[in-house]
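Enquirer: Have a look; sequence and predicted model below, questions after that.
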Amino acid sequence: MRMCVSIVLGAWLAPVRVAAKVPEAPASAIPVTTDEQAAAKAPPTSRLTIASETTCPSQSAVAEALAAMCPPAEWPSGSVQIQAVGSKLMVDLAFHESTRREVDVEGDCGLRAETVALVIATWAGKLSSDAAVIPILRGPAASARVESDAERRGVALPATERELGLEFLVAVSGGVAPGVAIDFVETRAPRGLGWEVGLTLPAQRERAAAGGTTGWTRAAASVGMNGRVPLGRWSLSVAAGLAGAYTITSGHGYAIEQGWEALTGGLVAGARLALPWRRLRLWTEVRAYKWLFPQTVAVDSPAGDRIATITLPSWDLQGCVGVAYPFR
């Protein structure tokens, strides 16, 4: 009797195993693979192309900084090219119009990326009011200055740019002659009005008359206004102004060989197409001078009789190629 009770009690106390159906995890609890996470974080395809010739900042760093300022879906269509030149970054922007921005930066690559991203967003008009990161453009500490209202709002201000150039020319009026010239230009960048001065010295040209040869040249100085517009990476400048020349003549092969010197004045106009190259600017130009006061050379015999008259050209046409060093 005691044994039966024990058996019954043992069977009653034995643990009962019930097969239970494990509930399915909700969709939000399903683990996500690494590839899926990366795809979720990747920004949508953009029509903006960013290329950097330096790793500080890199293309990816600029893209991440730009994404913090405006959604990638709102990025503009165009291209951005970044070059590092010493302590400066050259940022070439090609959106609705093309321009180059020159930014003074420090050595921190993160700050460089944020600065370039701010330039892109500001110039494209895509800077979000609730941007997570809005860096302040700063130059070197030694060049501290008072910021204007436009600068505090992050608006890119037009800059005054100056350049000193050296050119080689070919004059084609009254004969072909090579020459050299130097000029100084001050204008607004990337577009705007300015002024320029220049000095031009063509080689001597010759005219044959009355059995001899008359050589002549005009050393000219000019001052005028100019205007510049960007054309992608190129820039087109047009200038016009006043010119003065010092004309020098000499006779060879005559019975009496004498020289003659005189001043003249006129107008000058030209068009220049320039391309930036590293820290310099390469350009080609077509220029024309119109001299308002006629100049003639008289050839007399030993007896004082006029035997020939040579009229110097009233136009001077020149084709030029040159290199300039821009600075601000």
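Expert: On my side now, so go ahead. No experiment lies behind these values; they were computed from the predicted model shown.
Enquirer: which SS class is residue 218?
Expert: Under DSSP: H, G, I helix; E, B strand; the rest coil, residue 218 falls in the strand class.
Enquirer: Excluding residues flanking it in the chain, which one is nearest it?
Expert: Distances taken as CB to CB, 6 or more residues apart in numbering place residue 245 nearest to residue 218, at 4.1 Å, with adjacent residues excluded. Quick note: C-beta positions are derived from backbone N, CA and C, even for glycine.
Enquirer: so when I look at that neighbour, I'm seeing a strand, right?
Expert: Yes - assessed with three-state DSSP, residue 245 lies in a strand.
Enquirer: got the contact list for it?
Expert: Contacts for residue 245 (CB atoms under 8 Å, 6 or more residues apart in numbering) come out as 218, 219, 220, 221, 263, 264, 265, 266, 289, 291.
Enquirer: Write down the beta-bridge partners of the closest residue to the fifth one other than its chain neighbours, one by one.
Expert: The spatially closest residue to residue 263, leaving aside those adjacent along the chain, is residue 246, at 6.0 Å (CB to CB, 6+ apart). In this entry, residue 246 is beta-bridged to residue 219, residue 263, by DSSP bridges.
Enquirer: Residue 246 contacts residue 261, correct?
Expert: Yes - using CB atoms under 8 Å, residue 246 is in contact with residue 261, at 7.1 Å.
Enquirer: which of the two has more neighbours?
Expert: Neighbour totals were compared for residue 246 and residue 261, and residue 246 leads with 14 against 9 (other CB atoms under 10 Å).
Enquirer: Who are the contact partners of that one?
Expert: Going by CB under 8 Å, 6+ apart, residue 246 touches 218, 219, 220, 261, 262, 263.
Enquirer: Tell me how many other residues surround the first one.
Expert: By that I understand residue 218. If we define neighbours as other CB under 10 Å, then residue 218 has 29 of them.
Enquirer: so how far is residue 227 from it?
Expert: Using CB to CB, to the nearest Å, residue 218 is found at 26 Å from residue 227.
Enquirer: Check the fourth one too.
Expert: The spacing between residue 261 and residue 227, counted by CB to CB, is 35 Å.
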